[in-house]
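> sequence isn't available, so here's the structure alone:
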Ligand SMILES: NC(=O)C1=CN([C@@H]2O[C@H](COP(=O)(O)OP(=O)(O)OC[C@H]3O[C@@H](n4cnc5c(N)ncnc54)[C@H](O)[C@@H]3O)[C@@H](O)[C@H]2O)[C@@H](O)CC1
Ligand SMILES: Nc1ncnc2c1ncn2[C@@H]1O[C@H](COP(=O)(O)OP(=O)(O)O)[C@@H](O)[C@H]1O
Ligand SMILES: [K+]
């Protein structure tokens, strides 16, 4: 697990590294510039014969820009042009050093003061090194104008560390102006704001490069956000054991589907199967029986009427919600289920809506139950939110107070834990943005609970595997990954973990 830092913590990490390691601040900047170029080349974002405009401020982000320009020149890039935006009086020491280093080279440099008119942009690519994580207020005045001028040029932009004008943490508002970056190469850790959907107003993609800041110091910083890594998933995952049998891996009960949305129950059950539940039973409407038996012969069916006429304790874990629909009958069913719940639970979709309308049921959820709302379901449960940042903070509060695990789904899914931590899942991609994906996730989570993973482990591993399965399929060239295709891939992803 890697903690994510705020901009001010990152500055402290920078200062600590310089104070405690044999590296000077100017050399750290040199390393950052090198890492920026190395990654840009590896991703084919820049080419030697390309005309490149490097826009620099006069702080350390600008210093990075100058170091990048000089190193590109040394690499044989010949069509480089530099703008120095001199709107702020202060120049950082490392900016000054880099300016002195580049002034002797045959690279054209233009400086702009507040009142200077900005020329047309002829270059095909802009490297944005004007303002970085030092931003302390929204852009205004001349800064706003330069960014608008660059945006209007509609050139491809690669931002150094963060797009100029975009705050690294805190509220992201559409009304803020920043230089829109197609790619961002960020240092050491992603900025927290990259993870919220509102970041799409300011940037398309980000990449993170290691610049060798002191990781021990970073690890000691208190953080609200932790990135789930492949190592975390690997550490949690347990291989199937010798002599194990279906009884070893638990019995999942799914309560899902309605006449019109039986597909949700099928996807959930299929994902449960492929994630390794020893036995899977689906409580579905009678109308869905033929579909279930035809498509998933491994899964057992129970009618809604029979559910409470049998001992629920034969099941190890339960998922309720996918495709249930909204009706009085479903509300009643939820109330009965939660009368004396005795097993780990995943609550999704329509079951979340029942909770939203019957908030007293929250108190009956067993501790560590996993709730898997998407944004709209979340707001129905806990109130409207205008900003994702606030929504995530609310998820943390609710998870802590109610001792639940809240899996707030999105491109970066936020897993809020009862201990107040927010874990962020980085796997997954837009090819997965289609109906049924959440049903698949629910099936995966209940399967992991049934196999004896603790709820926190199930949430981490389930989200990781779900996204990873989608990522590997997207990497094969699939522009769209339907849920049922993703599901078929899960067991392979687990096998290769
Ligand atoms: N670990 C790190 O933190 C490292 C940081 N480096 C670079 O340093 C950058 C941060 O540098 P700085 O702290 O010098 O800050 P910036 O270069 O981002 O900003 C410089 C100046 O802009 C001013 N400013 C902030 N918001 C403004 C606004 N809205 N309008 C007008 N002026 C505004 C600030 O007062 C500051 O003087 C990072 O983004 C990164 O590029 C790298 O050199 C290497 C290591
Ligand atoms: N752009 C994306 N990147 C990564 N994951 C995505 C993306 N779009 C959707 N997903 C994942 O797909 C699932 C969608 O869940 P949900 O909206 O409940 O779907 P449904 O109700 O159709 O089953 C979530 O787990 C989400 O993280
Ligand atoms: K920048």
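Received it, and whenever you're ready, just let me know what you need. Please read all numbers here as calculations on a predicted model, not as lab measurements. Ligands and ions are numbered 1, 2, ... in the order given.
> now for the host helix or strand of residue 41, which elements pack on it?
Assigned by DSSP states H and E, residue 41 belongs to helix 25-42. Judged by 3 or more Cβ pairs under 8 Å, 6 or more residues apart in numbering; DSSP states H and E, helix 25-42 is in contact with helix 7-20, helix 60-74, helix 93-103, strand 181-187, strand 203-209. The way it works is simple: take the backbone N, C-alpha and C, and place the C-beta from them, glycine included.
> now tabulate these in JSON lines and tack on mean pLDDT.
As requested, those are exported to JSON lines (pLDDT from 0 to 100):
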{"stretch": "helix 7-20", "mean pLDDT": "92"}
{"stretch": "helix 60-74", "mean pLDDT": "98"}
{"stretch": "helix 93-103", "mean pLDDT": "96"}
{"stretch": "strand 181-187", "mean pLDDT": "98"}
{"stretch": "strand 203-209", "mean pLDDT": "98"}
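> want to try a markdown table for those, with distance to residue 1 and mean neighbour count as columns?
Below are these laid out as a markdown table (distance: least, Cβ to Cβ, whole Å; neighbours: other Cβ atoms under 10 Å):
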| stretch | distance to residue 1 | mean neighbour count |
| --- | --- | --- |
| helix 7-20 | 16 | 17 |
| helix 60-74 | 28 | 24 |
| helix 93-103 | 32 | 17 |
| strand 181-187 | 19 | 23 |
| strand 203-209 | 15 | 17 |
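> quick one: which of those is nearest residue 272?
Closest approach to residue 272 among the helices and strands packed on helix 25-42 is made by strand 203-209 (33.2 Å; Cβ to Cβ).
> strand 181-187 and that closest one, what's the angle between them?
20 degrees (axes from the mean of the first three to the mean of the last three Cα atoms, to 10 degrees).
> first-to-last residue distance for stretch 425-432?
End-to-end distance for stretch 425-432: 14 Å, by Cα to Cα, to the nearest Å.
> wait, stretch 159-167
One end of stretch 159-167 sits 13 Å from the other (Cα to Cα).
> what average pLDDT does that stretch get?
Predicted confidence along stretch 159-167 averages 98 (mean pLDDT).
> quick one: is it near ligand 1?
Yes - against ligand 1, stretch 159-167 shows contacts by Cβ under 6 Å from any ligand atom at 160-161.
> now what about that stretch, what contacts it?
7, 32, 36, 55, 57, 61, 64-65, 68, 127-133, 135, 138-139, 143, 147, 157, 168, 172, 176-181, 183-187, 191, 193, 199, 202-203 (Cβ atoms under 8 Å, 6 or more residues apart in numbering).
> equivalent analysis for stretch 381-388, please.
Stretch 381-388 has contacts (Cβ under 8 Å, 6+ apart) with 171-173, 196-198, 352, 355-356, 371, 373, 375, 378-379, 391, 394-395, 398, 410.
> go again with 6 Å.
Contact with stretch 381-388 is made by 171, 196-198, 356, 379, 391, 394, 398, as judged by Cβ atoms under 6 Å, 6 or more residues apart in numbering.
> and the helix or strand that the helix holding residue 41 is followed by, how far out from the chain's middle?
Remark: after helix 25-42, the chain's next helix or strand is strand 52-56, criterion DSSP H and E. Distance of strand 52-56 from its chain centroid, counting by Cα atoms, centre = their mean, to the nearest Å, is 30 Å.
> tell me which strands strand 52-56 pairs with, and in which orientation.
If you go by DSSP bridges, strand 52-56 pairs up with strand 80-85 (parallel), strand 125-129 (parallel).
> these: which one's closest to ligand 3?
With Cβ to the ion, the closest approach to ligand 3 among the strands paired with strand 52-56 belongs to strand 125-129: 4.5 Å.
> check whether that closest one contacts ligand 3.
Yes - on the criterion Cβ under 5 Å from the ion, strand 125-129 is in touch with ligand 3 at residue 128.
> need the three-state assignment for residue 106.
Following DSSP: H, G, I helix; E, B strand; the rest coil, residue 106 is assigned to coil.
> again, but for the one 3 residues further on
Going by three-state DSSP, the secondary structure assigned to residue 109 is strand.
> show the pLDDT at it.
With respect to pLDDT, residue 109 scores 97.
> these two touch, right, it and residue 82?
Yes - between residue 109 and residue 82 there is a contact under Cβ atoms under 6 Å: 4.5 Å.
> these two: which is more packed in?
Applying other Cβ atoms under 10 Å to residue 109 and residue 82 shows that residue 82 carries more neighbours, namely 24 against 17.
> residues touching the more buried one, list them.
Residues in contact with residue 82 (Cβ under 6 Å, 6+ apart) are 54, 69, 109.
> kindly report the same for residue 119.
If you count contacts by Cβ under 6 Å, 6+ apart, residue 119 has none.
> minimum distance to ligand 1, which residue of the stretch 251-400 of the chain gives it?
Residue nearest to ligand 1 within the stretch 251-400 of the chain (Cβ to the nearest ligand atom): residue 389, separated by 19.0 Å.
> Three-state assignment for that residue, please.
At residue 389 the chain is in helix, as set by three-state DSSP.
> what number of residues lie near it?
As a burial measure, residue 389 scores 18 neighbours (other Cβ under 10 Å).
> quick one: pLDDT of residue 179?
Here the pLDDT value assigned to residue 179 is 98.
> surely it forms part of a helix?
No - counting by three-state DSSP, residue 179 is located in no helix; its state is coil.
> tell me the spacing between it and ligand 2.
24 Å (Cβ to the nearest ligand atom, to the nearest Å).
> these two touch, right, that residue and residue 148?
No - at 9.1 Å, residue 179 and residue 148 do not qualify as touching, with contact defined as Cβ under 6 Å.
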